[in-house]
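> The sequence isn't on hand, but the structure is:
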């Protein structure tokens, strides 16, 4: 394949179409349908104030740690923006053939996540429902638009993002202290894992077809990566608390997202790169060194805090990491 064609969206989509069809068939074979309403503790729910004249929400009603509340809010509002994500990938990848079938299947599966999460936080009274709705209206009303320049950049982004989201959901469940919440988060994370495997293996084929352009796109995405929920009102303060609790920080991003992904794709040992690809890989190497240093500092400060008996957490100076 002529590397010069890698910037032509139609050529990339056409070259990868057989891979999409193969990976879609695999996904449909292994994906397990599930019903969000079965994961919600309805028996413990109460009516809210309003037309049903129930009990107003108050902060003491939430038994979950503050950082878990923040993470659930960010994760839920991120999932709520699905219409914009669907538009983004449908515009990038198309709505015809295997690409279109994947886009719609992915959208249908992702929609379960917001359904299950919202029902759970309402039934458990985890979050202020009025504030949650206000933030949803603002966030979804703003929408989401990526500035990614090529189809390969878009594929690289969703590959990284799905793995990061999987890890974020897993860690929220592990720290919520509620077996029901943990079960729901594990179920959502299982979906995200299959989505990641689809995109990761598709990107492996992109690396073979367009090595220089694909390495460049992946490097660009990793160096500037932000989660799609970064535009949520109040995101930064909540993300800091999420990072401070160790739910998602530099260490998590380095150890459970970036390193496993690059190892699976074999990017650092990929042969046959031209000058552009080699320059991109050098930039990627420098980024990995910086991220590794940040992760080590984060881990060291967390260990010191735990040894001092302050519980899991991070120094404020180390809370600036990538957060989900």
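That came in fine, so what should we check first? Here the structure is a predicted model, which means the values were calculated and not measured.
> Identify the residues contacting the helix or strand where residue 16 lies?
Following DSSP states H and E, one finds residue 16 within helix 9-30. Applying CB atoms under 8 Å, 6 or more residues apart in numbering, the external contacts of helix 9-30 come out as 1, 5-6, 92-94, 97-99, 101-102, 105, 150-152, 194, 197-198, 201-202, 205-206, 209-210. The C-beta positions use only the backbone N, C-alpha and C, and glycine is treated the same way.
> same deal with stretch 77-90?
100, 103, 106-107, 110-111, 113-114, 117, 132, 135-136, 139-140, 143-146, 154, 158, 165, 227-229, 232.
> again, only this time at 7 Å
By CB atoms under 7 Å, 6 or more residues apart in numbering, the residues outside stretch 77-90 that reach it are 103, 107, 110-111, 113-114, 117, 135-136, 139-140, 143-144, 146, 227-229, 232.
> got the end-to-end distance for stretch 247-258?
Distance across stretch 247-258, first residue to last, is 16 Å (CA to CA, to the nearest Å).
> got the buried residues for it?
Judged by neighbour count using 16 or more other CB atoms under 10 Å, the buried positions of stretch 247-258 are 247-254, 256-258.
> and what of stretch 75-94?
Buried-residue list, stretch 75-94, by 16+ other CB under 10 Å: 75-82, 84-86, 88-89, 92-94.
> picking that back up, for PyMOL, write the select line for the buried members of the contacts of stretch 77-90.
A single PyMOL command is used to select the members of the contacts of stretch 77-90 judged buried by 16+ other CB under 10 Å:
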select buried, resi 103+107+110+111+113+114+117+135+136+139+144+227+228+229+232
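> what about the spatially most central residue of the chain, helix or strand, and which?
Nearest to the mean C-alpha position of the chain, by CA atoms, centre = their mean, lies residue 165 at 2.6 Å. Secondary structure assignment for residue 165, by DSSP H and E: helix 151-175.
> same thing with residue 303?
helix 275-307.
> next one: that helix to chain centre, how far?
20 Å (CA atoms, centre = their mean, to the nearest Å).
> buried ones in it?
277, 280-281, 283-284, 287-288, 291-292, 294-295, 297-299, 301-302, 305.
> now stretch 32-44
Buried-residue list, stretch 32-44, by 16+ other CB under 10 Å: 36, 39-40.
> Now pLDDT too, for the buried residues of stretch 247-258, in TSV please.
Listed next are the buried residues of stretch 247-258 as TSV, based on pLDDT from 0 to 100:
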residue	pLDDT
247	95
248	94
249	93
250	92
251	93
252	94
253	95
254	95
256	96
257	97
258	97
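> Just the closest of those residues to residue 53, please.
Nearest to residue 53, judged by CB to CB, of those is residue 247 at 36.5 Å.
> residues contacting the residue nearest to the closest one when sequence neighbours are not counted?
Leaving aside its sequence neighbours, residue 247 sits nearest to residue 171 (CB to CB, 6 or more residues apart in numbering; 4.6 Å). Going by CB under 7 Å, 6+ apart, residue 171 touches 247-248, 252.
> Return the subset of the residues you listed lying in helices.
residue 252 (DSSP state H).
> Out of the contacts of residue 171, the closest to residue 186 would be?
residue 247 (14.8 Å).
> which intervals of this protein have sub-threshold pLDDT?
1-7, 305, 309-324 (pLDDT under 70).
> about what we covered before: so the residue nearest to the centre of the chain sits against residue 190, correct?
No - using CB atoms under 7 Å, residue 165 is not in contact with residue 190; the gap is 11.9 Å.
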